[in-house]
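Participant: Can you look at this prediction? I've put the sequence above it.
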Amino acid sequence: MNPKSLSGLLLAAAVLLLIAGSGAFFTVAETEQVIITQFGKPVGEPITHAGLHFKMPLIQEVHTFDKRVLEWDGPVAEMPTKDKLYIVVDTFGRWRSATPCSSSSACATSAAPSPGLTISSAAKRATPWPAMNSSR
């Protein structure tokens, strides 16, 4: 082989390694947890510690989930009680996923609720509000 074709071959191999290597590494932030799936099925344990990690490029996919406490704030509603008093009902919820596979559609095998969700607090706050046309 002549040196010109050998250097071209080495350059092509280096470019292919660079492309494959760029998809092989991923980082996990401190506030994230990761599931790696291979052809749609989870592979290994969830990654919960931060840092640089390795996966097989073009075969495995990375799915990230937030591991902080998440919150939901529902709409505020007014409703009358039996004694004609209006109350304001404010609904909210807070949760944290104990295992990332419990909230992943990639890991779902059935439609049953998963026991992996940890509910840290969920409540309905009711505040009495006098009725507008009260006879008091």
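Facilitator: Now that the structure is in, tell me what you want to look at.
Participant: The most centrally placed residue in the chain pairs with what?
Facilitator: Centroid-nearest residue in the chain, with C-alpha atoms, centre = their mean: Phe65, separated by 2.8 Å. When bridges are called by DSSP bridges, Phe65 pairs up with Gln33.
Participant: how far away is it from Phe39?
Facilitator: Distance, Phe65 to Phe39, by C-beta to C-beta, to the nearest Å: 20 Å. Every residue, glycine included, has its C-beta placed from N, CA and C.
Participant: helix, strand or coil for the residue lying closest to Val69 once chain neighbours are set aside?
Facilitator: With sequence-adjacent residues excluded and distances taken as C-beta to C-beta, 6 or more residues apart in numbering, Val69 is closest to Arg96, at 4.9 Å. Three-state call for Arg96 (DSSP: H, G, I helix; E, B strand; the rest coil): strand.
Participant: For the chain, which segments count as helices?
Facilitator: 3-22 (DSSP state H).
Participant: Domain ranges for it, per the record?
Facilitator: 1-67, 69-131 (automatic domain parsing).
Participant: need the contact list for Thr31.
Facilitator: 66-68 (C-beta atoms under 8 Å, 6 or more residues apart in numbering).
Participant: can you put those in JSON lines and add neighbour count and distance to Ala14?
Facilitator: Below are the contacts of Thr31 laid out as JSON lines (neighbours: other C-beta atoms under 10 Å; distance: C-beta to C-beta, whole Å):
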{"residue": "Asp66", "neighbour count": "14", "distance to Ala14": "37"}
{"residue": "Lys67", "neighbour count": "19", "distance to Ala14": "38"}
{"residue": "Arg68", "neighbour count": "10", "distance to Ala14": "41"}
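Participant: can you list those in a markdown table and add distance to Val89?
Facilitator: Shown next, in a markdown table, are the contacts of Thr31 (distance: C-beta to C-beta, whole Å):
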| residue | distance to Val89 |
| --- | --- |
| Asp66 | 28 |
| Lys67 | 30 |
| Arg68 | 27 |
